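# next one to model:
(chains A and B)
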Amino acid sequence: MAEELILLNIWASPFGMRVRIALAEKGVDGYETREENLQNMSPLLLQMNPVHKKIPVLIHNGRPVCESLIIVQYIDEVWKRGSPLLPSDPYRRAHARFWADYVDKKLYSLGKLIWLTTGEAAAKEELIGCFKLLEGELGDKTYFGGDSFGFVDVSLISFYRWFNVFEHFGNFSMVVECPKLVAWAHRCAERESVSKCLPNEQEFFDFVVELRKKAMTK
Amino acid sequence: MSEVKLFRTWSSPYALRIVWALELKGIDYETIFEDLSNKSQLLLQYNPVHKKVPVLVHNGKVISESLVIIEYIEDTWKDTPLLPEDPYERATARFWAKFNDDKLLPSIWQVFVTQGKEQEEAIPVATENLSFIEEDLKGKKFFGGQTIGLVDITIGWMANLISVFIEITGINLIDADKFPLLFGWMQNFSDVPVIKESWPPHDKLVIKFRAIRESYLSADVPK
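Next up, the predicted model:
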């Protein structure tokens, strides 16, 4: 039976990017990507993710998997080739899940306070604190996963294009505040799986500026 | 000396799911009750990031965040699996567990801690979320199938607290006519011996949650 794989995505989404990176890490490239518009969702999206009506959705042989980190784990469990994204040791797995969850719980919502508002100092301090904590967790390792690129790396590098958005609107410098994390991000960006999934820097920045304009005129 | 320690409060839904996971797998553990208004030094040392319970300590290794803890327990003790083997079914179980934490529980909580117009607006949100999980119970006794699994123990707090919420607010979100499958599930879940034995005392829960509701309502600033 031919395998059918469809990804419902939005080009700028960091969450969709996680799925694309995970698939690329596993050498899976024979899949169809359908670009969604959240203001005009396709019937397929509404059918496949009626609960959240969000992307990404990975449709594998007609069955939908939703929520980016759940999809990444699914990919890791189904496609066994390449290095596993989650380690095999239970404690190290728990550790990876904890930090990926931390990225999810903190980064996006804190980040929004930076780029959707006009420079709240407290939000900026909290976001920098969040990055420093992650940097502390990285330590001197090559990747969060140690020697191999793993679950936490996928979870966080998907926000790479957001770094200069945060810097710009938060008025701070990532390389000054967390140089090791920036070095890690550059390392990740050199991986083929990441570089081919990263949106164009200027295009992405302009896209966020537009979003911000629209949101702030409401 | 215990290998496994669980830091928790006596009533938290997040803590209870860990108790159930450990009990179902027959794991010996020691409970350390925390007073959240006066957190112990040990807790702050073990969970400096979130400063919350539950926290599991296994042979000195610290794990926090309840769903992360359950996956750890599942990875470490293989008896009585809480997740199915098939990757798609595992993804589905994880989806509903996350849905509970991100949407279902907060939406029901929102009904519980509000009144008047705010509460009226909160009810359809909770009801819609309940209708989503009602769908998932079709053709099954438990969310996990014939036996209880990750989703059951994650959503299990409802079987425990819905009756407490009804007593305090008079609002019944899980009406037997509207949600026959969920209603039946709550009964089936409560009847499982391991679950029944770890139920916090009803009266104590009523007192505690009544006080919580009152503190939310009195903190309400007129808009």
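# interface residues of chain A facing chain B?
Residues of chain A lying close to chain B by CB under 8 Å from any CB of the partner chain are A:50-51, A:60, A:63, A:65-67, A:70-71, A:73-74, A:77-78, A:90-91, A:93-94, A:97-98, A:101-102, A:133. C-beta: built from backbone N, CA, C; applies to glycine.
# among those, which lie within helices?
Within these, residues falling in helices by DSSP state H are A:70-71, A:73-74, A:77-78, A:90-91, A:93-94, A:97-98, A:101-102, A:133.
# what's the farthest-apart pair in those?
For those, the farthest-apart pair by CB to CB is A:78 and A:133; their separation is 31.9 Å.
# the helix ranked longest in chain B near chain A at all?
What stands out as the longest helix in chain B, according to DSSP H, is helix B:116-136. Yes. For helix B:116-136, a contact with chain A is found by CB under 8 Å from any CB, at residue B:132.
# same question for that helix, mean pLDDT?
The average pLDDT within helix B:116-136 is 96.
# buried set for it?
Neighbour-count burial for helix B:116-136 flags B:119, B:122, B:123, B:125, B:126, B:127, B:129, B:130, B:133, B:134, B:136 (criterion: 16 or more other CB atoms under 10 Å in any protein chain shown).
# repeat that for stretch B:101-119.
B:101, B:103-105, B:107-114, B:119.
# tell me which of the residues you listed is nearest to residue A:125?
residue B:101 (27.1 Å).
# ok, and the closest non-adjacent residue to the closest one?
Distances taken as CB to CB, 6 or more residues apart in numbering or on different chains put residue B:67 closest to residue B:101, at 6.8 Å, once the chain neighbours are dropped.
# the strands in chain B, which residues?
Ranges of strands in chain B, per DSSP state E, are B:4-8, B:30-33, B:55-58, B:61-64.
# which of those strands sits most buried?
Of all these, strand B:55-58 carries the top mean neighbour count, a mean of 24, counting by mean count of other CB atoms under 10 Å in any protein chain shown.
# mean confidence score for it?
pLDDT averaged over strand B:55-58 gives 96.
# mind checking which of the residues of chain A next to chain B are buried?
Counted by 16+ other CB under 10 Å, these give A:51, A:60, A:65-67, A:70-71, A:73-74, A:77-78, A:90-91, A:93-94, A:97-98, A:101-102, A:133 as buried.
# go through stretch A:165-183 and flag the buried ones.
So for stretch A:165-183, counting by 16+ other CB under 10 Å, buried means A:165, A:166, A:167, A:169, A:170, A:172, A:174, A:177, A:178, A:180, A:181, A:182.
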